[in-house]
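Enquirer: Need the 3D shape of this:
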Amino acid sequence: MIHSKLKTIGVAGAAGAGALLLTMGPAFAAAPPPDPLNSGDTAWMITSSALVLLMTIPGLALFYAGM
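Expert: As a prediction, the model looks like this:
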C-alpha cells in the first residue's frame, strides 16, 4: 500500500519536473546576448565610486559629531 503511494508520488513528481523543464526551454533559448562593455559606463562607475569614497570622511565626521 505504502509502496504504491510512493510510486505514484514519484511518477507524478517526475512528470511535473519534466513538464517544468519543457516549458522553461524556450525562455532560455530566447535570451539576448549580453551587451559589450562600454568604456563610458566603466569610467562613470569609477568616478562615482571615487566620489562616494571622498564623501565618507566628512560623513563619518558629521555622524560622530552628532549632527
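Enquirer: can you give me how far stretch 48-57 is from the chain middle?
Expert: Taking Cα atoms, centre = their mean, to the nearest Å, the mean C-alpha location of stretch 48-57 is offset from the chain mean by 26 Å.
Enquirer: Buried ones in the helix or strand bottoming out on mean pLDDT in the chain, by neighbour count?
Expert: Ranking every helix and strand in the chain by mean pLDDT, DSSP states H and E puts helix 2-29 at the bottom, with a mean of 76. Buried residues in helix 2-29, defined by neighbour count with 16 or more other Cβ atoms under 10 Å: none. The C-beta positions use only the backbone N, C-alpha and C, and glycine is treated the same way.
Enquirer: just use 2 as the starting number from now, easier for me
Expert: All right, first residue 2 from here; so that's helix 3-30.
Enquirer: Which neighbouring elements make contact with it?
Expert: Contacting helix 3-30 under the criterion 3 or more Cβ pairs under 8 Å, 6 or more residues apart in numbering; DSSP states H and E is no other helix or strand.
Enquirer: next structured bit after that helix?
Expert: helix 40-66 (DSSP states H and E).
Enquirer: tell me the mean pLDDT over that following helix?
Expert: In this model, helix 40-66 has an average pLDDT of 93.
Enquirer: Centre of the chain to it, how far?
Expert: 25 Å.
Enquirer: now do stretch 29-39
Expert: Computed by Cα atoms, centre = their mean, the chain-centroid distance of stretch 29-39 equals 15 Å.
Enquirer: That's all I had, so thanks and see you.
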